[in-house]
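# sequence plus predicted model, see below.
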Amino acid sequence: MCPSDLHPANASCSRRSALLGTISLLALPSLGLAATPSTPAVTSGVWPQNLPVPGGIARLSLGPATARPVAAQGEVPLLVLGDVTGWTALVGIPLSATPGEASITARTSNGAQRELTYRIEPKRYSEQQLKVSPRTVDLSPDDLARHERERAHQQVVMATFSQPLPPTLRMQVPVPGRRSSSFGLRRVFNGQARNPHSGMDIAAGTGTKVAAPLPGRVIDTGDYFFNGQTVWLDHGGGLLSMVCHLSAIDVQVGDPLATGQRIGAVGATGRVTGPHLHWGVMLNRSMVDPALFLMA
Ligand SMILES: [Zn+2]
């Protein structure tokens, strides 16, 4: 259990009213991208699952073009993968998104710009009641000030969009262990609604090696009020991952990591009830379900 997840990455929390209704995931239309030949850079051919719900990912076909189109949602650049026979924009949908029509813009190298619309389907996440120390729900002025500073810092980290783009989108779990399916849970701490859970909790003992889920570069390390000892990795193209509550950090900002390379060790730092790994995956500044990047 991970009460830390009132964390800064999810600070905009007036969102729960948006998560209404239910949906059969099997009924979601496939965009048929399995048949799209992948660029040599995407060797695995494995894409994140198409799941256009809050906390999910929409795969939007941009069609063929001689050069990679540039796509954005508002001001936020999007990850575009594929090749000349067909390009695809991957759109991370925040847990705070309101179901209904949404749009992106895509611009080709000849300057032609168009808008593509897609539909965010509703998804109702379960509610979880948690009882924790009152000081971790009603923050002291000092703790609140610290949290605000850390949130501002993390906003900068989360805006990272770099090249090269990820060589694959098939991720490896950072630690073996029982994975919770708690992504998106609406959390009520001591009777007070707080941010939903924005990552995957994996059961593992203190000291267990935490490994990079994809090749990436370390862009932030720190010891944060809610998240404890944390490392952010930049995988390129606005795809980031974070691992939290570590007992040890064995990397430094700027370090390049290969998949499986050591980041640090599982711990219980920050606001937790026990040792475990909290793993978050961010796409275009939206925390999305890490399970979408795993094979099974
Ligand atoms: Zn967690």
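Cool, got the structure.
# in the stretch 101-250 of the chain, which spans are strands?
Counting by DSSP state E, counting those that start in this stretch, one finds strands in the stretch 101-250 of the chain at the ranges 113-120, 127-130, 186-189, 192-194, 200-202, 209-211, 216-224, 228-236, 239-246, 248-249.
# out of those, which one sits most buried?
Here the criterion is mean neighbour count by mean count of other C-beta atoms under 10 Å, and of the strands of the stretch 101-250 of the chain the winner is strand 239-246, at a mean of 27. From N, CA and C alone the C-beta is placed, and that goes for glycine too.
# quick one: average pLDDT of that strand?
The pLDDT scores in strand 239-246 average 98.
# chain center to it, what's the gap?
9 Å (C-alpha atoms, centre = their mean, to the nearest Å).
# same check on stretch 114-128?
15 Å.
# what do you get for stretch 73-89?
That offset, for stretch 73-89, works out to 17 Å (C-alpha atoms, centre = their mean).
# quick one: terminal-to-terminal distance for that stretch?
10 Å (C-alpha to C-alpha, to the nearest Å).
# show me which residues of it are buried.
73, 76-83, 86-89 (16 or more other C-beta atoms under 10 Å).
# before we move on, what about stretch 146-153?
Those would be 147, 150-151, for stretch 146-153 by 16+ other C-beta under 10 Å.
# show me what the closest residue to the ion within the stretch 151-296 of the chain bridges to in the sheet.
Nearest residue of the stretch 151-296 of the chain to the ion (C-beta to the ion) works out as H278 at 3.5 Å. When bridges are called by DSSP bridges, H278 pairs up with D201, C244.
# pretty sure it contacts V243?
Yes: using C-beta atoms under 8 Å, H278 makes contact with V243 at a distance of 7.1 Å.
# where along this structure do the helices fall?
141-158 (DSSP state H).
# centroid-wise, who is the farthest residue in it?
Ranking residues of the chain by C-alpha distance from their mean position (C-alpha atoms, centre = their mean) puts N110 at the top, at 32.0 Å.
# quick check: phi and psi at it.
Taking degrees, to the nearest 10, you get phi -90, psi 10 for the backbone angles of N110.
# what separates it from L116, distance-wise?
17 Å (C-beta to C-beta, to the nearest Å).
# please apply the same query to A291.
For A291 relative to L116 (C-beta to C-beta), the value is 26 Å.
# again with F226
F226 is 36 Å from L116, by C-beta to C-beta.
# and the residue nearest to N50 when sequence neighbours are not counted, how many residues sit next to it?
Excluding its sequence neighbours, the residue lying closest to N50 (C-beta to C-beta, 6 or more residues apart in numbering) is R59, at 4.5 Å. For R59, the neighbour count with other C-beta atoms under 10 Å is 21.
# cool, the one 5 residues further on as well?
Burial of P64, expressed as a neighbour count using other C-beta under 10 Å, amounts to 11.
# with L165 instead?
With other C-beta under 10 Å as criterion, L165 counts 18.
# show me the contacts for it.
By C-beta atoms under 8 Å, 6 or more residues apart in numbering, L165 lies in contact with 41, 79, 81, 236-237.
# those residues: which two are farthest apart?
Farthest pair in the contacts of L165 (C-beta to C-beta) is A41 and L79. Separation: 12.0 Å.
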